[in-house]
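Colleague: prediction below, plus the sequence it came from.
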Amino acid sequence: MAKGMPSQSDSGTFTASVKVSDINIPAPPISASPRKQILATRRELQNAYQGRDPKKIKTLIRNHHWPINDAIRQTLWLDMCKRKQRNLGDSAIYDEMIQELFGEDSHPDIKLPAFLDSTYCQYFLNDNGLLCAKRILCVLADTNPDITYSPTIFAVTCLFLHYMSEEDCFNCIYAMVHSSERFFTQTKMAYETSALVLMDLTKRFAKASYGYLSRYTRQMETVFENWVWWIFKGLPFPHLIRIMDCYLNEGPKVLYRAALAVIMLFHKSSVKEGGLGSTISVQTAIAQFCENIPVTVEKFLKTAFGIRGLKRTDVEKLRIKNEMYLKSRKHTNGMSKSISSNSLTLRKNESFLNMVHPVQSVQSGILNYEQSFPGRARSRSLGMVSLTTLQSSILTMQDLQTLCMWLPVRMSVQQPVLLYTTEEHGTSLQTLYSRIEGRGPTLLVIKNDQDEIFGAYCSCDWIERNQHGKALTYFGTGETFLFTLAPNAVAYKWVGLEGGSDLPSTANMFQSGDKTKLTIGGGNGEGLQVDASLYQGRSERCDTFNNPSLTEKEDFYCKAIEILGFH
């Protein structure tokens, strides 16, 4: 048995890890079921699980307000976690990990893992319970080194220890970490994304409340930064426990519902009290409201689950959209604002000239800089320029010089390599994928039957198209762009670079591909798309780049396709 394994407390409900005397257990509400009915509800739940009736299970758990000291959670929470991950683990393995990490020391000085932040809640755990929580998280950190930032894991761990043993708690947390339902954010990016998701949900499902909050601050993103702590730190314990009942069954969507309920109820209460004063921030006002929330658990959950039309698929789409937005902002942060050039007056990145010289227009193997680029100021660092073996049937040296101006700086100093060409490798989309996946960012160049030359810089490896299984989804960052080279040279950069924060979800549709088509740019049209035969294509205006069609006619036929990589 693991050291510090909590046994049952004198209360008969909470474990020995809990300071039961500190808990103020409210009287059951009038609407609560009598004891016989609660027992009947347990049987109903068991039958619903056996009959695999998720709708009935959801209704039962939402509507039955068991008091915080009801023994049903000793088995219910564990059962729900088991259903998320069939193999919860072996208690003997957990004991071995404790022995390996801490030896025989029964009360080691344990430091919390780095993936937590300074905000954490132990609720009503005693010193022994807190020690158990620290041990669990240290083992979790040791067995899951890919978790880099997950502040709410500590809170959920402590809540579990109110109702279950240390080993069961670890197994439940482990199951939630590895569940496909994303119970916990596990990176800083994912945590920041969740705040933007809630902000978007508020705009859609609580428009009046969003408008009210925006009167008091121009920095709306900061209002939602620490939204999870409204729930795990601010709300009273009975509210939190009932949220946990539903969260373990339905997943993280419940937390978004709870946060929306906080915002809507805060709005209503604030208006009733005459609005916010000038001496308090919106964030502080919401936190104080949660601590002294004037509604019962029943009314709070009724508000949360009364929000119609909020679907798990909506949350997932917003997660993907906002994650792409943050990745793009990260990649473009600190970069000078890119310009879509009509006149080619941008300064050329001369370091790129070290690497690209098409052999089709040059006879000798070595060029002097002045011979290569007469009339241009010479960079001291260039000296002699070596020719590469890049054999392009589409691009001229001028085309490559033009592309170098538009590429991110880190790519413009790398050597280009021809990864795929229809002339050599045939016209199969699957062959194209097989030759470019795993090769990082790429340049797609197309020449159509009208001798128009156009394409796209794709900032992410095409292997990412497989991350969501067979589902066709968009990925990529704001470094992606579309371009034309002939008859005119123009680059169409991501609309997010213009600085607007209120972008539509369709403005983050960068790259997408499956066995039937490859697409760059989406939203009310495809910026550039080719079919599985690599013969037919289409280009039209899209929200991501706000570009016109790259070709005179939206539908076109490909004469040649090339894809360049970098190394």
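Modeller: Sure, I can see it. Numbering: from 1, shown residues only.

Colleague: quick check: which ranges of the chain have low pLDDT?
Modeller: Applying pLDDT under 70 to the chain flags residues 1-12, 26-42, 85-91, 105-108, 118-119, 329-389, 468-471, 499-502.

Colleague: quick check: longest strand of it.
Modeller: Criterion DSSP state E: the longest strand present in the chain is strand 555-566.

Colleague: show me what contacts the nearest residue to Leu310 once chain neighbours are set aside?
Modeller: The shortest distance from Leu310 to any non-neighbouring residue, by Cβ to Cβ, 6 or more residues apart in numbering, is to Phe205 (6.1 Å). Placement of C-beta: from N, CA and C, glycine included. By Cβ atoms under 8 Å, 6 or more residues apart in numbering, Phe205 lies in contact with Leu260, Ile307, Gly309, Leu310.

Colleague: and the strands in the protein?
Modeller: With DSSP E as the criterion, the chain has strands spanning 366-367, 385-386, 416-421, 442-448, 453-458, 481-486, 490-492, 511-513, 517-520, 528-531, 536-538, 555-566.

Colleague: TSV please, covering those and showing mean neighbour count and distance to Ile57.
Modeller: Output for these, formatted as TSV (neighbours: other Cβ atoms under 10 Å; distance: least, Cβ to Cβ, whole Å):
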stretch	mean neighbour count	distance to Ile57
strand 366-367	12	73
strand 385-386	14	68
strand 416-421	20	50
strand 442-448	23	47
strand 453-458	24	44
strand 481-486	23	48
strand 490-492	22	49
strand 511-513	24	35
strand 517-520	23	39
strand 528-531	21	43
strand 536-538	19	46
strand 555-566	19	49
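
Colleague: would you turn the ones you listed into a markdown table with distance to Tyr120?
Modeller: Output for the strands of the chain, formatted as a markdown table (distance: least, Cβ to Cβ, whole Å):
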| stretch | distance to Tyr120 |
| --- | --- |
| strand 366-367 | 63 |
| strand 385-386 | 57 |
| strand 416-421 | 48 |
| strand 442-448 | 44 |
| strand 453-458 | 41 |
| strand 481-486 | 43 |
| strand 490-492 | 46 |
| strand 511-513 | 38 |
| strand 517-520 | 43 |
| strand 528-531 | 48 |
| strand 536-538 | 52 |
| strand 555-566 | 44 |
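
Colleague: quick check: bridge partners of the nearest residue to Ile394 once chain neighbours are set aside?
Modeller: Distance criterion Cβ to Cβ, 6+ apart; nearest residue to Ile394, sequence neighbours excluded, is Lys447 at 4.8 Å. Beta-bridge pairing for Lys447 (DSSP bridges): Ile453, Ala560.

Colleague: re the thing from before, got the angle for the longest strand of the chain vs strand 453-458?
Modeller: With axes from the mean of the first three to the mean of the last three Cα atoms, to 10 degrees as the basis, strand 555-566 and strand 453-458 are set at 50 degrees to each other.

Colleague: helices or strands up against strand 555-566?
Modeller: strand 416-421, helix 422-425, helix 429-436, strand 442-448, strand 536-538 (3 or more Cβ pairs under 8 Å, 6 or more residues apart in numbering; DSSP states H and E).

Colleague: could you spell out the sheet neighbours of the shortest one, each with its direction?
Modeller: The reference is to strand 536-538. strand 528-531 (antiparallel), strand 555-566 (antiparallel).

Colleague: return the set of residues that bridge with Phe475.
Modeller: Assigned bridge partners for Phe475, using DSSP bridges, are Gln511.

Colleague: isn't it right up against Lys321?
Modeller: No: taking Cβ atoms under 8 Å as the definition, Phe475 is not a contact partner of Lys321, at 11.1 Å.

Colleague: compare these two (neighbour count), which wins?
Modeller: Phe475 (25 against 22; other Cβ atoms under 10 Å).

Colleague: okay, now Phe305: neighbour count?
Modeller: If we define neighbours as other Cβ under 10 Å, then Phe305 has 18 of them.

Colleague: and for it, nearest residue in space, chain neighbours not counted?
Modeller: Arg62 (5.9 Å).

Colleague: that neighbour reaches Lys302, doesn't it?
Modeller: No: assessed by Cβ under 8 Å, Arg62 is found out of contact with Lys302, at 9.5 Å.

Colleague: who has more neighbours out of those two?
Modeller: Arg62 (18 against 14).

Colleague: relative to Gly51, how far out is the more buried one?
Modeller: 18 Å (Cβ to Cβ, to the nearest Å).

Colleague: how close does the residue nearest to Asp543 when sequence neighbours are not counted sit to Trp494?
Modeller: Distance criterion Cβ to Cβ, 6+ apart; nearest residue to Asp543, sequence neighbours excluded, is Gly523 at 2.9 Å. From Gly523 over to Trp494 the distance is 11 Å, taken as Cβ to Cβ.

Colleague: again, but for Ser512
Modeller: If you go by Cβ to Cβ, the gap between Ser512 and Trp494 works out to 15 Å.

Colleague: same question for Cys404.
Modeller: Distance from Cys404 to Trp494, by Cβ to Cβ: 19 Å.

Colleague: which ones are touching Ser428?
Modeller: Counted by Cβ under 8 Å, 6+ apart, Ser428 has contacts Ala532, Ser533, Leu534.

Colleague: burial measure for Pro548, as a count.
Modeller: 15.

Colleague: was I right about it contacting Arg541?
Modeller: Yes: using Cβ under 8 Å, Pro548 is in contact with Arg541, at 6.0 Å.

Colleague: picking up where we left off before, show me which of Cys404 and Trp494 is the more surrounded one.
Modeller: Trp494 (26 against 20).

Colleague: not counting sequence-adjacent ones, nearest residue to the more buried one?
Modeller: Gly478 (4.0 Å).

Colleague: what do you get for Phe266?
Modeller: Phe289 (4.7 Å).

Colleague: give the contact list for the closest residue to Gly234 other than its chain neighbours.
Modeller: With sequence-adjacent residues excluded and distances taken as Cβ to Cβ, 6+ apart, Gly234 is closest to Cys290, at 2.9 Å. Residues in contact with Cys290 (Cβ under 8 Å, 6+ apart) are Trp230, Ile231, Lys233, Gly234, Leu235, Val262.

Colleague: which of the residues you listed fall within helices?
Modeller: Val262 (DSSP state H).

Colleague: re the thing from before, let's have the strands paired with strand 536-538 in JSON lines, adding distance to Ser428.
Modeller: Shown next, in JSON lines, are the strands paired with strand 536-538 (distance: least, Cβ to Cβ, whole Å):
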{"stretch": "strand 528-531", "distance to Ser428": "11"}
{"stretch": "strand 555-566", "distance to Ser428": "11"}
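
Colleague: out of the ones you listed, which comes closest to Thr143?
Modeller: strand 555-566 (36.4 Å; Cβ to Cβ).

Colleague: got the CA positions of that closest one in CSV?
Modeller: Taking Å, rounded to 0.1, in the frame of the first residue of the first chain, the C-alpha atoms of strand 555-566 are listed here in CSV:
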residue,chain,number,x,y,z
ASP,A,555,-11.1,27.0,-62.7
PHE,A,556,-7.8,26.0,-64.4
TYR,A,557,-5.8,23.0,-65.7
CYS,A,558,-2.3,22.3,-64.5
LYS,A,559,0.6,22.1,-67.0
ALA,A,560,3.2,21.5,-64.3
ILE,A,561,3.4,21.4,-60.5
GLU,A,562,6.6,21.6,-58.4
ILE,A,563,7.1,21.6,-54.6
LEU,A,564,10.3,23.0,-53.1
GLY,A,565,11.5,22.2,-49.6
PHE,A,566,14.4,23.7,-47.5
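
Colleague: quick check: Phe475 vs Ser281, distance?
Modeller: For Phe475, the distance to Ser281 equals 36 Å [Cβ to Cβ].

Colleague: alright, that wraps it up for me.
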